[in-house]
Each structure stands twice: as C-alpha cells, then as structure tokens.
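Trainee: curious how this folds, go ahead:
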Amino acid sequence: MANRMCILPALLLFFSFVGQGICQCTVDNITVAQTQTGELVQQKTEWNVTVTNTCYCSQLEVKLLCDGFQTVETVNPSIMVKSGAECLINNGLPLYPSTSISFTYAWATWFPFVPLSSQTACS
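Mentor: The predicted structure follows:
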C-alpha cells in the first residue's frame, strides 16, 4: 500500500512534465518558403510566399520580420498586413497544425521574411 502511495505522486509529477513538453512549439515551427511564379508585374518578378506551421498545435498572431519590404503588387490584407517592421499573417487568426497560407508580391528581388513571433494554442 505504501508503494502505491509513492507511485501515484511520482506518476502525477511525471505526467505534468510530459504534458508541458507536448506543446513546446515556438516561432521556430513557422517556416517561410518563396518561389518565383514566372510572372512579371510592372516589370518586377512575382514571388509566391508560403508560411507554414510545422507544429502539432495551432499558432496564432504569427508575425514575420519585414522591415524594408516593398511590392508593386497589392497583397491581400487578410493574408498579410505590414505594420512598421512587422507583418501580421492571417489577420492574427490561427495557422492550424501542418497548414500553410500563401501570398504573392512583386519586386526586383526576393525579400528575406523571417519568422518573428507567434502564440501557441494547444487543445
């Protein structure tokens, strides 16, 4: 009986650590890939950007570092909005596990978007 009394707290402690480790998603789980579309817009190369959540939890308020970003093509504001040096993705709504969202822009060269921050939502 005494052994069972010791095992129960140990199991609870173990599962509390395991539970905390299950959702340790970070901004590192946000990837950005770019490819040329083959189109020109106002004599500028068009680029397709795909932002992917590789985490097994949803991530919201995904922001990319985009200081200096320029485009001659309008980006759908429900997909990406630039504010200062940050770009908010998907209006801050969740990027669900293993899903992507894409947008296009046109400029002479590709822009190095860098994942800046996000919030994790596990259920």
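
Trainee: in the protein, spot the strand with the most residues.
Mentor: When the chain is parsed with DSSP state E, its longest strand is strand 30-41.

Trainee: lowest confidence element among the helices and strands of this protein?
Mentor: Ranked by mean pLDDT, DSSP states H and E, the weakest helix or strand in the chain is helix 2-22, scoring a mean of 44.

Trainee: closest to the centroid, which residue in the chain?
Mentor: Ile30 (3.7 Å; CA atoms, centre = their mean).

Trainee: and that one, how far from Cys122?
Mentor: Taking CB to CB, to the nearest Å as the measure, Ile30 falls 15 Å from Cys122. Just so you know, the C-beta spots here come from the backbone N, C-alpha and C atoms, and that holds for glycine as well.

Trainee: list the contacts for the residue lying closest to Thr54 once chain neighbours are set aside?
Mentor: Excluding the flanking residues, the one nearest Thr54 by CB to CB, 6 or more residues apart in numbering is Asn29, at 4.8 Å. With contact set as CB atoms under 8 Å, 6 or more residues apart in numbering, Asn29 has these partners: 53-55, 59.

Trainee: just the buried ones from those?
Mentor: 53, 55, 59 (16 or more other CB atoms under 10 Å).

Trainee: low-confidence stretches in this structure?
Mentor: Within the chain, the stretches with pLDDT under 70 are 1-23.

Trainee: so in terms of bridging, what pairs with Val32?
Mentor: Taking DSSP bridges as the rule, Val32 bridges to Val51.

Trainee: residues in contact with the nearest residue to Phe69 once chain neighbours are set aside?
Mentor: Once flanking residues are discounted, Phe69 sits nearest to Phe111: 5.1 Å by CB to CB, 6+ apart. Residues near Phe111 by CB under 8 Å, 6+ apart: 34, 47, 66, 68-70, 105.
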